[in-house]
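Novice: Kindly generate the corresponding structure for this input.
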Amino acid sequence: MRDDSDLIWALLNGIPYLGETTDILLFETPRWVSLLLLSIPASVAIHLPSEKEREGGSRYGPEQLFGPAVATLLSVAFLLPDPQTAPIVIVTVITAGAWRQGVINWFWISPIAWFWASLELFQYLEVGQGSDYARIIGGLAGFSQYLLFHNGLLLANSPFEDHDTGNDEFLGLASRGYGYVFLLISGGVSGALPFISALVAGWDGIRSGTPIVLHGSVLVQTLTLESWLRDDFGFHSEDALVWPIAVGIVMVGLSWRRANPYGREVMVQAVGTSESEPFDTEKDFGMFGSAFFLIAMFPYSEFIEVDFAFGASIVLLSLHHVIVGFGRDHGWRRLISLIGMPSGLIVTGVAYEGLIMVLMLFLASLTLIGQAVLYASKGGLEIGSTIEGAAPIVSDVGVSEPSPEPSKIKEEPTEVSEEAEPEDDVPSEEVDEEESVEPEPVKPQSPLFESEDALFGIRLEPNMMYNLREMISTNRTVDFSKWSPVLAISSNGSIVLNWEKSSEEE
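Specialist: Residues are numbered from 1 along each chain as shown. As a prediction, the model looks like this:
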């Protein structure tokens, strides 16, 4: 029994001109498809008059009529004798109509449409490297969309007032993504275009305050620079490693200077919570800069055939971190130096072997011992603190006081204890004589703190109180509405200023 569909296809293929095929799409398509496409706007045209008379207004808006309009354009394109000239006209008309009617969903795919339309046009014109030029057109379309979105022109005709809510807020991100991707794969025209695209992505990461985009762009910049130097100038691939080395040095320098290239405070979501916390730019630039520098230096030192270059780089970088780490009380810097300094010396010794290897092992052990001594001293009494940038705090805790027993005072911790009143058994005449003589100015005693559980009091020196106040007032990275400063004394006698959650937060 013959299938009815075979009869239908044979009938449609037998129609003059409409039975022919066209390659307007990626595969050959019969021209009679235009009849099926025209049925969509025809159905809308039939029901549109009754829809306008419907109570409550028509349900056909710009987005509902956009599909039939596209179907009409495609049906006309299938009927053209040379279909390669149709896509550029179709995409232009659809883009203009979508912007005029506020159909925002079209712009999610319009860069791809511009790439396809320009590819068909360049093939029709027989332009060499037409696919690469089409990628450039697609990338420029994506960046143009982003600029229009950023200036508010792209959504100017949108019927929705809250353009920044829903999926529209990601339209700018998608437009930039199209621009970067299309330009990154357009290296056939010039190797400089992918490298410039990666540079723009890095600048975009700095401008938008997105560290992951900035760090990822450095890797892409290295790969695109390597391809550009190798294909266009004949350089070795290893010459491109100079770029991440230079970027790493710059990032380490910015970390040392505490410079913020983002221009504002970057907030990130805390792990396990929905709250945001300030992003540690100094730590981020210091660690990623060190990684870029050392990872690129390892193969580059072999390329330049300098045996000690990699080991010396590790030692110099670790020396920088150990000096800055102890000055600013950064544990992550001291951890880098603790591992890096002996490792760099050992790597240098392996390159030369013999007596130099023995000498480097000896120096590596000395660096470990020296850092261990510094760590022990850092945690001892009267040396340093765990507050970044704080001056050394000197305290007399543990030193015997001349008074036999501290008095019990119930005032606030910041108040100074009052002097004892004169005894009642002293004659009034002697008191008058003493009052007539101007007493010498008595220095206020240090605040005395007591606890119901402790049998002793704690007295803080004035200079120590001053240093603590300065540290607390100058620390702008702490939200005082959520955190409170608490002075603690550890079991080994170290004085530490901790930050604990306030009672309101708990």
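Novice: biggest helix in the chain, by residue count?
Specialist: Secondary structure assigned by DSSP state H gives helix 354-378 as the longest helix of the chain.
Novice: mean confidence score for it?
Specialist: Mean pLDDT, helix 354-378: 84.
Novice: Other residues contacting it?
Specialist: Contact with helix 354-378 is made by 322, 326, 329, 334, 337-338, 341-343, 345-346, 348-350, 383-384, as judged by Cβ atoms under 8 Å, 6 or more residues apart in numbering. For the C-beta atoms, the positions are set from N, CA and C on the backbone; glycine is no exception.
Novice: from the residues you listed, which ones fall inside helices?
Specialist: 322, 326, 334, 337-338, 341-343, 345-346, 348-350.
Novice: Whichever of these end up buried, select them in ChimeraX.
Specialist: Entered in ChimeraX, the line below selects the buried ones among these, by 16 or more other Cβ atoms under 10 Å:
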select :322,326,334,337,338,341,342,345,346,348,349
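Novice: Could you identify the most distant pair in the ones in helices among the contacts of helix 354-378?
Specialist: Spanning the widest gap among the ones in helices among the contacts of helix 354-378 are 326 and 350, at 28.4 Å by Cβ to Cβ.
Novice: So which of the ones in helices among the contacts of helix 354-378 is the closest to residue 34?
Specialist: Nearest to residue 34 among these: residue 343, at 70.9 Å, using Cβ to Cβ.
Novice: separation between that closest one and residue 235?
Specialist: The gap separating residue 343 from residue 235 is 31 Å, by Cβ to Cβ, to the nearest Å.
Novice: quick one, strands of the chain?
Specialist: Secondary structure of the chain, counting by DSSP state E: strands at 21-22, 29-30, 267-269, 276-278, 448-449, 458-459, 483-489, 495-501.
Novice: quick revisit: which of the ones in helices among the contacts of helix 354-378 scores worst on pLDDT?
Specialist: residue 326 (77).
Novice: ok, back up a step: let me have the strands of the chain in a markdown table, adding distance to residue 121 and mean pLDDT as columns.
Specialist: Conversion of the strands of the chain to a markdown table gives the following (distance: least, Cβ to Cβ, whole Å; pLDDT from 0 to 100):
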| stretch | distance to residue 121 | mean pLDDT |
| --- | --- | --- |
| strand 21-22 | 16 | 82 |
| strand 29-30 | 19 | 85 |
| strand 267-269 | 45 | 76 |
| strand 276-278 | 48 | 82 |
| strand 448-449 | 82 | 70 |
| strand 458-459 | 83 | 76 |
| strand 483-489 | 62 | 78 |
| strand 495-501 | 63 | 75 |
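Novice: was I right about residue 242 contacting residue 300?
Specialist: Yes: counting by Cβ atoms under 8 Å, residue 242 touches residue 300, with 7.3 Å between them.
Novice: tell me the centre residue of the protein?
Specialist: residue 211 (1.9 Å; Cα atoms, centre = their mean).
Novice: if we can go back for a sec, neighbour-wise, which of residue 242 and residue 300 wins?
Specialist: In this view residue 242 and residue 300 are compared by other Cβ atoms under 10 Å, and residue 300 has more residues nearby, 20 against 14.
Novice: The more buried one and residue 207, how far apart?
Specialist: Residue 300 is 30 Å from residue 207, by Cβ to Cβ.
Novice: Next, count neighbours for the residue nearest to residue 157 when sequence neighbours are not counted.
Specialist: Leaving aside its sequence neighbours, residue 157 sits nearest to residue 102 (Cβ to Cβ, 6 or more residues apart in numbering; 4.0 Å). Counted with other Cβ under 10 Å, the neighbours of residue 102 add up to 16.
Novice: Same question for the one 4 residues further on.
Specialist: As a burial measure, the neighbour count of residue 106 was computed by other Cβ under 10 Å and equals 18.
Novice: so what's it up against?
Specialist: Taking Cβ under 8 Å, 6+ apart, one finds 66, 94, 95, 98 in contact with residue 106.
Novice: right, and out of the residues you listed, which lies closest to residue 190?
Specialist: residue 95 (27.1 Å).
Novice: hang on, isn't that closest one packed against residue 117?
Specialist: No: using Cβ under 8 Å, residue 95 makes no contact with residue 117, being 9.8 Å away.
Novice: So for those two, which residue has more residues nearby?
Specialist: More crowded of residue 95 and residue 117, by other Cβ under 10 Å: residue 117, with 26 against 19.
Novice: List the residues that contact that one.
Specialist: Neighbour list for residue 117: 87, 88, 90, 91, 92 [criterion: Cβ under 8 Å, 6+ apart].
Novice: Correct me if wrong: the second one contacts residue 123.
Specialist: No: Residue 88 is beyond contact range of residue 123, at 11.5 Å (criterion: Cβ under 8 Å).
Novice: Looking only at neighbour counts, state which of the two leads.
Specialist: Of the pair residue 88 and residue 123, residue 88 is the one with more neighbours under other Cβ under 10 Å, namely 20 against 14.
Novice: who are the neighbours in contact with that one?
Specialist: 117, 118, 120, 121 are the contacts of residue 88 under Cβ under 8 Å, 6+ apart.
Novice: Of these, which is the nearest to residue 200?
Specialist: residue 118 (21.0 Å).
Novice: what's around the closest one, how many residues?
Specialist: Other residues within reach of residue 118, judged by other Cβ under 10 Å, total 24.
Novice: list the contacts for it?
Specialist: 88, 133, 134, 137, 138.
Novice: Look up how far residue 177 lies from it.
Specialist: Taken as Cβ to Cβ, the span from residue 118 to residue 177 is 19 Å.
Novice: Kindly report the same for residue 125.
Specialist: Here the criterion is Cβ to Cβ. By it, residue 125 lies 29 Å from residue 177.
Novice: same thing with residue 200?
Specialist: Going from residue 200 to residue 177 by Cβ to Cβ gives 12 Å.
Novice: Cross-check the contact I'm expecting between residue 119 and residue 134.
Specialist: Yes: the pair residue 119 / residue 134 is scored as a contact, 3.9 Å apart, by Cβ under 8 Å.
Novice: what's the least confident helix or strand in this structure, going by average pLDDT?
Specialist: helix 428-436 (a mean of 49; mean pLDDT, DSSP states H and E).
Novice: returning to that earlier point: going by neighbour count, which of the contacts of residue 117 are buried?
Specialist: 87, 88, 90, 91.
Novice: So which of the contacts of helix 354-378 is the closest to residue 461?
Specialist: Nearest member of the contacts of helix 354-378 to residue 461, counting by Cβ to Cβ, is residue 383, at 15.7 Å.
Novice: can you pull the pLDDT of that closest one?
Specialist: As predicted, residue 383 sits at a pLDDT of 40.
Novice: any weak-confidence spans in the stretch 51-200 of the chain?
Specialist: For the stretch 51-200 of the chain, residues meeting the criterion pLDDT under 70 lie at 160-169.
Novice: which stretches of it form helices?
Specialist: For the stretch 51-200 of the chain, the helices defined by DSSP state H, counting those that start in this stretch cover 62-79, 86-101, 110-124, 130-151, 171-184, 192-208.
Novice: Between these, which one is closest to residue 47.
Specialist: Of all the helices of the stretch 51-200 of the chain, helix 62-79 sits nearest to residue 47, with 11.0 Å by Cβ to Cβ.
Novice: With just CA atoms, put that closest one into PDB.
Specialist: Taking C-alpha atoms only, helix 62-79 is exported to PDB below (Å, rounded to 0.1, in the frame of the first residue of the first chain):
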ATOM      1  CA  PRO A  62       4.600  43.000  19.000                       C
ATOM      2  CA  GLU A  63       6.200  39.800  20.300                       C
ATOM      3  CA  GLN A  64       3.200  37.700  19.000                       C
ATOM      4  CA  LEU A  65       3.300  39.300  15.500                       C
ATOM      5  CA  PHE A  66       7.100  39.000  15.300                       C
ATOM      6  CA  GLY A  67       7.000  35.300  14.400                       C
ATOM      7  CA  PRO A  68       4.600  35.800  11.400                       C
ATOM      8  CA  ALA A  69       6.700  38.700  10.200                       C
ATOM      9  CA  VAL A  70       9.800  36.500  10.200                       C
ATOM     10  CA  ALA A  71       8.000  33.700   8.400                       C
ATOM     11  CA  THR A  72       6.900  36.200   5.700                       C
ATOM     12  CA  LEU A  73      10.500  37.300   5.100                       C
ATOM     13  CA  LEU A  74      11.800  33.700   5.000                       C
ATOM     14  CA  SER A  75       9.100  32.700   2.500                       C
ATOM     15  CA  VAL A  76      10.200  35.600   0.200                       C
ATOM     16  CA  ALA A  77      13.900  34.500   0.700                       C
ATOM     17  CA  PHE A  78      13.100  30.900  -0.400                       C
ATOM     18  CA  LEU A  79      11.600  32.300  -3.600                       C
END
